[in-house]
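**Q** The following comprises the amino acid sequence and a computationally predicted model.
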Amino acid sequence: MDLSTTYLGLDLKCPIVPSASPLSESVSNIKKMEDAGAGAVVLHSLFEEQLTQSSLEIDHFLTLGSESHGEAASYFPHHDEYHVGPETYLHHIVEATSAVDIPIIASLNGVSSGGWTSFAKEIEAAGASALELNTYFIATDPELTGHEVERMYLEVVRDVTDAVSIPVAVKLNPFFSSLPYMCGQLVEAGAAGLVLFNRFYQPDLDIERLEVVPRVHLSSSEALRLPIRWIAILFGRIEADFALTSGVHTHEDVIKGLMAGANITMVASEILKNGIGRIPEMLIATSHWLEDHGYDSLRQCIGSMSQKHVAEPGAFERANYLRTLQSWPPKTQF
């Protein structure tokens, strides 16, 4: 079975790509991912705060209201708590690209131009095949308009894509009033790919210690439905490659993502929980499924169940809302 696909102009041997996670901090793990059959690897993110840690200031809109609470700056890690610094990250790219033959995609996490433009150039020079901009921003200022937030995203993408020649993908969240319009604007700004979706990690409250505490919950296959819906809607309408991330745990999840219109399906939680060995297991099961259902290659199924190609396009829109609510069983009296 031909499992090859393309993403950001890169030829990949398969659609399963480990997304940014602590696993890629080790070159030996990256080698294991390649040996397991991964099509590419997205490196762990370098955070904007690591580029500006000397002053712990983030330029442009991210600074608005940041000191409205005296303890706001205390939520940033101290210098020695960051796993890697900028120079270490660049060296890691050099080592990783020298150690494997599959594409290495670097990841920058933040929301403002700041030092990103110059550092993006250094990432390109270090040998990364592509760059993923992980735009993680929570708009908490009541005076900050949606238009200003969108403009901020577009400025970052435009600045970075103008600075480098390697392809750039944008990992974004679903919380835009018109996601299709925003995706189109990001592509016009220079994005070659869209990664759907970024997971916002929600804080928890420790009611005994009276503290706001971080909580990391790994995804399940249930998380797949949101990106599937939007990739299926956007496929064929937005001229970009799509990566589905969050909720990929089985070969069925891989198939669903591809049928919706994704070029690749990214995996993190599954291999964090069950090991890198899950990659070949998922690939073998994907290959068998395609063979059993009469496919000659994986590319034949990409977008086959997008809104553009299904018999009932309304299934992805409001037309299916009432039907979904009425599907809840059983019809009994409570």
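**A** It's in.
**Q** residues near V170, how many?
**A** 29 (other CB atoms under 10 Å). The way it works is simple: take the backbone N, C-alpha and C, and place the C-beta from them, glycine included.
**Q** could you say which helix or strand contains it?
**A** Using DSSP states H and E, V170 falls within strand 168-172.
**Q** for that strand, packing partners?
**A** Contacts defined by 3 or more CB pairs under 8 Å, 6 or more residues apart in numbering; DSSP states H and E place strand 168-172 against strand 130-135, helix 146-163, helix 179-188, strand 193-196, strand 241-245.
**Q** please redo it, this time with the cut-off set to 10 Å
**A** strand 104-110, strand 130-135, helix 146-163, helix 179-188, strand 193-196, strand 241-245 (3 or more CB pairs under 10 Å, 6 or more residues apart in numbering; DSSP states H and E).
**Q** Can you tell me what sits against the helix or strand following the fifth one?
**A** When you say that, I think you mean strand 193-196. Downstream of strand 193-196, the first helix or strand assigned by DSSP H and E is strand 204-206. For strand 204-206, contacts defined as CB atoms under 10 Å, 6 or more residues apart in numbering pick out 211-215, 217.
**Q** For strand 204-206, which strands pair with it and how are they oriented?
**A** strand 211-213 (antiparallel) (DSSP bridges).
**Q** got the contact list for R225?
**A** Contacts of R225 (CB under 10 Å, 6+ apart): 247, 256.
**Q** Could you tell me whether it really is in a helix?
**A** Yes - checked against DSSP: H, G, I helix; E, B strand; the rest coil, R225 lies within a helix.
**Q** Test my guess that I233 contacts K308.
**A** Yes - I233 is in contact with K308 according to CB atoms under 10 Å; the separation is 8.9 Å.
**Q** So for those two, which residues contact both of them?
**A** Joint contacts of I233 and K308 (CB under 10 Å, 6+ apart) are G261.
**Q** The two - which one has more neighbours?
**A** Per other CB under 10 Å, whichever of I233 and K308 has more neighbours is I233, with 21 against 15.
**Q** quick one: secondary structure of that one?
**A** helix.
**Q** mind checking pLDDT for it?
**A** Predicted confidence (pLDDT) for I233: 95.
**Q** about what we covered before: what pairs with the strand holding V170, parallel or antiparallel?
**A** strand 130-135 (parallel), strand 193-196 (parallel).
**Q** Just give me the lowest mean pLDDT stretch among those strands.
**A** strand 130-135 (a mean of 93).
**Q** pull the CA atoms of that one into CSV?
**A** Below are the C-alpha coordinates for strand 130-135, written out as CSV (Å, rounded to 0.1, in the frame of the first residue of the first chain):
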residue,chain,number,x,y,z
ALA,A,130,9.6,23.9,7.6
LEU,A,131,8.4,26.0,10.5
GLU,A,132,5.2,25.7,12.5
LEU,A,133,4.0,28.9,14.2
ASN,A,134,2.1,27.8,17.3
THR,A,135,-0.1,30.9,18.0
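**Q** now it: how far from the chain's centre is it?
**A** 8 Å (CA atoms, centre = their mean, to the nearest Å).
**Q** tilt between that strand and strand 104-110?
**A** 20 degrees (axes from the mean of the first three to the mean of the last three CA atoms, to 10 degrees).
**Q** okay, the angle between strand 130-135 and strand 241-245?
**A** Going by the same axes, to 10 degrees, strand 130-135 makes 60 degrees with strand 241-245.
**Q** shaky segments in the protein?
**A** 49-85, 111-115, 200-201, 311, 313-334 (pLDDT under 70).
**Q** any chance you could map the helices in it?
**A** Remark: helices assigned in the chain by DSSP state H are 27-36, 48-51, 86-99, 116-126, 146-163, 179-188, 225-234, 251-260, 269-274, 278-292, 321-326.
**Q** Burial-wise, tell me which of those helices comes out on top.
**A** helix 251-260 (a mean of 23; mean count of other CB atoms under 10 Å).
**Q** by contact count, what packs against that one?
**A** Going by 3+ CB pairs under 10 Å, 6+ apart, helix 251-260 lies up against helix 225-234, strand 241-245, strand 264-267, helix 278-292.
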